[in-house]
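Asks: Using only what follows, build the 3D model:
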Amino acid sequence: VEEQEETLQKQYEIIKRQAEKLRESEPFNRLMMEYRSAIMEVETRLKVLNGEFSQMYKRNPFESIKSRLKTPTSIYEKLARKGYPVTVESIREHLSDVAGLRVICSFPDDIYRLADFLAKQDDFILLRKKDYIKKPKYNGYRSLHLILSVPIFLSDQKKYIKTEVQFRTIAMDFWASLEHK
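Replies: This is a model prediction of the structure:
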């Protein structure tokens, strides 16, 4: 057991060093800036929808939005685990959850309504939808996941960036947080 722990610790140290090299590269930092831009784009669209719902229906469809950018260590681990090379091109091609947002709603109906409105934005492309609300995971996890291709507008071009948006109710989020711990 001690040998296994020591081996795992050494592997983790290697991963951390490799991830640090990744973090120091200019192409990687440029890519992370693009993912941050995609997060801002989705947040803005959601806030506009929230304001519209508030005006039309006198209530807000979501309680909060949380966003995160996957860490270099987590990116490295996921690519290595899946057998992909650890390159900027590989990150862009093979990972769909580097940019992630979690939208917490009060009711399941709000989840589906917001997800539909977001997926129907004329310049967003719905790549994949996973409905763990209607079909929960084996461990009871419930959430609606959308993988979207989101446009970002740079000084010299428009690019599409994969972004994952998870929709949960307050109760689902509470349960998922406990399950994660």
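Asks: just for the chain, where's the confidence low?
Replies: Across the chain, the ranges flagged by pLDDT under 70 are 178-181.
Asks: sec struct for the residue positioned nearest the centre of the chain, please.
Replies: Nearest to the centroid of the C-alpha atoms of the chain, with distances taken as Cα atoms, centre = their mean, sits Gly100, at 1.9 Å. The three-state assignment at Gly100 reads strand, by DSSP: H, G, I helix; E, B strand; the rest coil.
Asks: Surely it is in contact with Thr71?
Replies: No. Contact criterion Cβ atoms under 8 Å: Gly100 and Thr71 do not qualify, at 11.6 Å. Where C-beta positions appear, they are placed from N, C-alpha and C, glycine not excepted.
Asks: May I have the strands that pair with the longest strand along the chain, each with its orientation?
Replies: Secondary structure of the chain per DSSP state E: the longest strand is strand 158-169. Its sheet considered, strand 158-169 pairs with strand 99-105 (parallel), strand 144-153 (antiparallel) by DSSP bridges.
Asks: Give me the contacts around the last one.
Replies: Defining contact as Cβ atoms under 8 Å, 6 or more residues apart in numbering, one finds that strand 144-153 is touched by 34, 37-38, 41-42, 96-97, 99, 111-112, 115, 118-119, 123-133, 158-168.
Asks: Let's see that with 6 Å instead.
Replies: 34, 37-38, 41-42, 96, 111, 115, 123-125, 127-131, 133, 158-167 (Cβ atoms under 6 Å, 6 or more residues apart in numbering).
Asks: Dump the helix or strand hosting Lys130 to PDB, restricted to CA.
Replies: In this structure, Lys130 sits in strand 125-131 according to DSSP states H and E. In PDB, the C-alpha atoms belonging to strand 125-131 read as follows (Å, rounded to 0.1, in the frame of the first residue of the first chain):
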ATOM      1  CA  ILE A 125     -24.600  25.900 -31.800                       C
ATOM      2  CA  LEU A 126     -25.900  23.100 -29.700                       C
ATOM      3  CA  LEU A 127     -23.300  20.300 -30.000                       C
ATOM      4  CA  ARG A 128     -24.700  17.900 -27.300                       C
ATOM      5  CA  LYS A 129     -27.400  17.700 -24.700                       C
ATOM      6  CA  LYS A 130     -27.300  15.300 -21.700                       C
ATOM      7  CA  ASP A 131     -30.400  15.200 -19.600                       C
END
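Asks: got the buried residues for it?
Replies: Asp131 (16 or more other Cβ atoms under 10 Å).
Asks: begin at 5 from here
Replies: Sure thing, new numbering starts at 5, so read that last one as strand 129-135.
Asks: Neighbouring strands of that strand in the sheet, and parallel or not?
Replies: Partners of strand 129-135 in its sheet, by DSSP bridges: strand 148-157 (antiparallel).
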